[in-house]
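Engineer: Model the structure of this input:
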Amino acid sequence: MLREISQHGPLPRIDLAERTGISRATVTAVTGELLRGGLIAEVPRDPQADEAARGRPRVDLKIDGAAHLIAGLKVSDASISLVLIDFNGVRVADHERPLPQPRLSPDRLTAEIAAGLDALAVQVDRTRSDISGVGVGLAGIVDAPHGLVYWSPSLDQRNVPFADVLTQGLGIPAYVDNDANLVAKAEMIFGEGKDHSDFIVITIESGVGMGIVLGGQVYRGTRGCGAEFGHTKVQVDGALCRCGQRGCLEAYVADYALVREATSVGGVTLTASTAHAVNTILTAAKSGDPTARMVIDRAGKMFAMGLANLVNIFDPELVILAGEQMQFDHLYADAVIEEMQKGIVQIDKPAPAVVVHKWDNLMWASGAAAHALDFVQDHAVTALQDG
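Structural biologist: Sure thing, here's the model as predicted:
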């Protein structure tokens, strides 16, 4: 019931009963307990004419934003992006913290996250201990239900129970998920996917990720680590991927792959910043440099092949392209989308729409906060019942 108020409130009790299928008497009893526990609040409603005539103005129920603070963060290769939201999901603070290097030990990354949370809490005159939970999104293969990171480019170890490491090191409950799943969560709540029950989000940054929403729920697979689009194979014994395998889509499409394949292009070196190098390659390709043109064309064809395969498997209502590389247009150029459409099973209906959503890192972090908010809400209700 708290989740229903959170997603659709403010709501009067009668609407809450209709939405949940629970009797009005039960709704009244449960919401009374939530009110006494400080999790929700009553707000006056503009009386309708018939209500005013009877002298019975209705009140709405809404989440009490002051009840809890929840943090969310995205770990990138160069920084941590953090947001702080209240119990009603409203952002109250944000913070960016640079990282000393792209890959860290679990304990060192935990320390960096702790420092970021401390700086975040100070903005609202609170401390880290006032935060009820933190959602953490990072690239890699993550078993979210168990908080286990099988592999991530942000960690120097594999098979890390990172949620437990964070919870112990931060002193607050931590919830870990693949960052692309959290983008899908954010798109579902307040992005391009909010009016769709089935859609796919492809994230393209230093790697390639995917989040799948089916029936209004983020799909993670039976082991909690599904939807690894970037590590689907597009070439037998192909280019080396940073995950250690060969022929992955990411090894042709991600920014590091473009730079690696085009180091002979003038102005591109392995010591240059990745963003600068990618921009140099794209500029060279548009100017006719044959190496740059070959690398960009191959990336587009590999990406179009991957998108077509996804559409043929899932037949989604919508495909959303998000991430840092959306500042460049080479992966959503008309030629790439046309190539994708050629690979889709043809029927007498239009192909799924493909839209570009240029998320910044703070929006990714908001998805992580929304992920943690679900758990905090559940724990708050359980604590109220146990008390």
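Engineer: All the strands of this structure, in order from the start?
Structural biologist: 40-44, 59-63, 69-75, 79-86, 91-98, 131-138, 141-143, 148-151, 174-178, 199-204, 208-214, 217-219, 318-322, 353-357 (DSSP state E).
Engineer: Mind listing residues that contact the fourth one?
Structural biologist: The reference is to strand 79-86. Contacts with strand 79-86, where a contact means CB atoms under 8 Å, 6 or more residues apart in numbering, come from 65-74, 91-99, 112-113, 116-117, 120-121, 123-124, 131, 360-362, 364-366, 368-370, 373. The C-beta positions use only the backbone N, C-alpha and C, and glycine is treated the same way.
Engineer: From these, keep the buried residues only.
Structural biologist: Buried subset of the contacts of strand 79-86 (neighbour count, 16 or more other CB atoms under 10 Å): 67-74, 93-95, 97, 99, 112-113, 116-117, 120-121, 131, 361-362, 364-366, 368-370, 373.
Engineer: any idea where the helices of the stretch 201-350 of the chain begin and end?
Structural biologist: 250-253, 255-261, 274-286, 290-314, 334-342 (DSSP state H, counting those that start in this stretch).
Engineer: one step back: may I see the strands of the chain arranged in TSV, with distance to Gly300 and mean pLDDT as well?
Structural biologist: As requested, the strands of the chain are exported to TSV (distance: least, CB to CB, whole Å; pLDDT from 0 to 100):
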stretch	distance to Gly300	mean pLDDT
strand 40-44	50	92
strand 59-63	45	93
strand 69-75	27	97
strand 79-86	28	96
strand 91-98	31	96
strand 131-138	27	97
strand 141-143	26	91
strand 148-151	27	94
strand 174-178	25	95
strand 199-204	12	90
strand 208-214	13	90
strand 217-219	27	89
strand 318-322	13	90
strand 353-357	13	87
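Engineer: Let me see the contact set for the nearest residue to Val208 once chain neighbours are set aside.
Structural biologist: Nearest residue to Val208 in three dimensions, chain neighbours excluded: Gly230, at 3.2 Å (CB to CB, 6 or more residues apart in numbering). Applying CB under 8 Å, 6+ apart, we find Gly230 in contact with 207-210, 248-250, 253-254.
Engineer: which one of the residues you listed has the most neighbours?
Structural biologist: Val208 (30 neighbours; other CB atoms under 10 Å).
Engineer: which stretches of this structure have low pLDDT?
Structural biologist: Confidence mapping of the chain against pLDDT under 70 gives the ranges 46-57, 224-226, 264, 266-272, 324-327, 387.
Engineer: That one - how does it break down into domains?
Structural biologist: 2-63, 68-183+362-386, 228-316+324-358 (automatic domain parsing).
Engineer: Show me what counts as buried in stretch 20-34.
Structural biologist: 27, 30-31, 34.
Engineer: rewinding a little: from the domains of the chain, which stretch is densest packed?
Structural biologist: Most buried of these by mean neighbour count (mean count of other CB atoms under 10 Å) is domain 68-183+362-386; its value is a mean of 20.
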